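> Provided below are the primary sequence and the corresponding predicted coordinates.
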Amino acid sequence: MKKFYFLLPILLFTSCATVEEDTSAEDNPILVTKMVQDGDNYTFSYNGAKIVTLTNTTDNFKRTYTYSGDLITKYLDTYADGSTQTTNVTYNSSNKILKKSSTYQGATYTTDYAYIGADRVRITDVIAHTNSTKTYVKDVYLNTDGSLKNWTETVADVQPGTTQNGTGILKNVAYDGGSFPFKNIIGYTRLMDSEDMNGSTRNVIDYNNRIQYTTTPGDEWTIYHSTYEYHTNGYPKKDTRDFYEKTGTSITDTEITTYEYNHL
C-alpha cells in the first residue's frame, strides 16, 4: 500500500507539540518547488513561506490552501473531472489541531483529536457513507519533540447486516537526522495526512502499521523502509521507498521521489 501524503482525504495523524520551522534563513527559507513521484509531477507555489497551491500537472489535480494567521484552516482540492472537496481544519487555543472534516462524493470524513497528556493523543477517524460507517480509534504516543512514536488502534466497519471488527498497531517509527523537505512551510507540519506527516521535522526511515480483522479474513497494512540521498545541508534530493507485504519480509513495490528547491 502506498500513499502520497498531500492527496489523502482520510486524515490520520496529529501533532501535539510546537514544531519550529527552520529559521536559519528567515528571509529566504528553503522550500520545495517541484517533486516527481513515480512519474507524477508536482509543483508548489508560495506567498513567502506560506503554501498557496500544490498542483499535480500529470493528473490535473490542484490543492489550494487558506490560512488564518500562521495556521492552515482550509484546503480546497480540485480534481481533473472538475469535482471539488473542501477540508476544514480547527485548532485549540494552544494551536494544536482539534478536528478535520470534509465531504466528497456522498461520503463524510472526520478526524477528532483528544489530548490526554503531553505525550498521548486519542484520534478518532470516521468515514461515513449513506449505508455504512467505518471508525478507527487510535491511542497515539508521541516522542519528546512531539513527533509520532507509536499507536494501538481498534476498527469497526459497520455495513448493512454486518460489522467487521479489527485491532492494529503502529510499531515505533524510526527517523533519521535529515530535514523533512516541507519543514519550512508555515503551519504545514501541523497537518497530519498520512504516514509521512507525523509532526516531525526529520524524515521517516521505517514505518510499520498493520490492522488485523477478527470477523472476516483480510488485513490493512502500510510497511515501508526509506533510503534518502541528501544535499550537503541535510535536505533530501531523493527518497527510495520500499513497500512490503503484511509480514514485512518481501518487497512488493518501490517508489522513487525526487525534490527540487527554490535555492540549494
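Looks like it arrived, so ask away.
> start to end distance for stretch 211-221?
End-to-end distance for stretch 211-221: 6 Å, by CA to CA, to the nearest Å.
> Then stretch 175-191?
Stretch 175-191 stretches 18 Å from its first residue to its last (CA to CA).
> Give me the residues contacting that stretch.
If you take CB atoms under 8 Å, 6 or more residues apart in numbering as the criterion, stretch 175-191 is touched by 15, 19, 21-22, 29-32, 35, 46, 48-51, 67, 70-72, 89, 91, 95-97, 147, 197, 199-205, 228, 230, 233-236, 259, 261. Yep, even glycine has a C-beta here, placed from its N, CA and C like the rest.
> That stretch: how far from the chain's middle?
11 Å (CA atoms, centre = their mean, to the nearest Å).
> shift numbering so it begins at 774
Sure, I'll start counting at 774 from here, so that last one is stretch 948-964.
> mind listing what's buried in it?
Across stretch 948-964, burial judged by 16 or more other CB atoms under 10 Å covers 948-949, 951-964.
> which one of those is nearest Thr988?
Nearest to Thr988, judged by CB to CB, of the buried residues of stretch 948-964 is Leu964 at 33.3 Å.
> quick one: pLDDT of that closest one?
Confidence at Leu964, expressed as pLDDT, is 77.
> What separation is there between it and Ile896?
Remark: distance between Leu964 and Ile896 (CB to CB, to the nearest Å) = 14 Å.
> the strands in the stretch 924-1037 of the chain, which residues?
Using DSSP state E, counting those that start in this stretch, the strands of the stretch 924-1037 of the chain run over 935-943, 947-948, 977-986, 992-1003, 1009-1017, 1024-1034.
> For Gly890, see how far away Asp912 is.
From Asp912 across to Gly890, the span is 11 Å (CB to CB).
> Val910 contacts Glu926, correct?
Yes: counting by CB atoms under 8 Å, Val910 does reach Glu926; the two are 6.2 Å apart.
> These two - which one has more neighbours?
Neighbours per residue, other CB atoms under 10 Å: of Val910 and Glu926, the larger number sits with Glu926, 19 against 16.
> That one pairs with what?
Lys911, Gly941 (DSSP bridges).
> Who are the contact partners of it?
The contact partners of Glu926, taken as CB under 8 Å, 6+ apart, are 909-912, 940-943, 984.
> one more time with 7 Å
Neighbouring residues of Glu926 by CB atoms under 7 Å, 6 or more residues apart in numbering: 909-911, 940-941, 984.
> Give me the ChimeraX select line for the residues you listed, limited to the buried ones.
Listed next is the ChimeraX selection for buried residues among the contacts of Glu926, using 16+ other CB under 10 Å:
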select :909,910,911,941,984
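> Tell me where the model's unsure across the chain.
Scanning the chain for pLDDT under 70 picks out the ranges 774-799, 965-972, 989-990.
> Go again with 50.
Within the chain, the stretches with pLDDT under 50 are 774-793, 796-797, 967.
> right, and Lys873 touches Thr860 too?
Yes: between Lys873 and Thr860 a contact is recorded at 5.9 Å, counting by CB atoms under 7 Å.
> Nice, that's everything, thank you.
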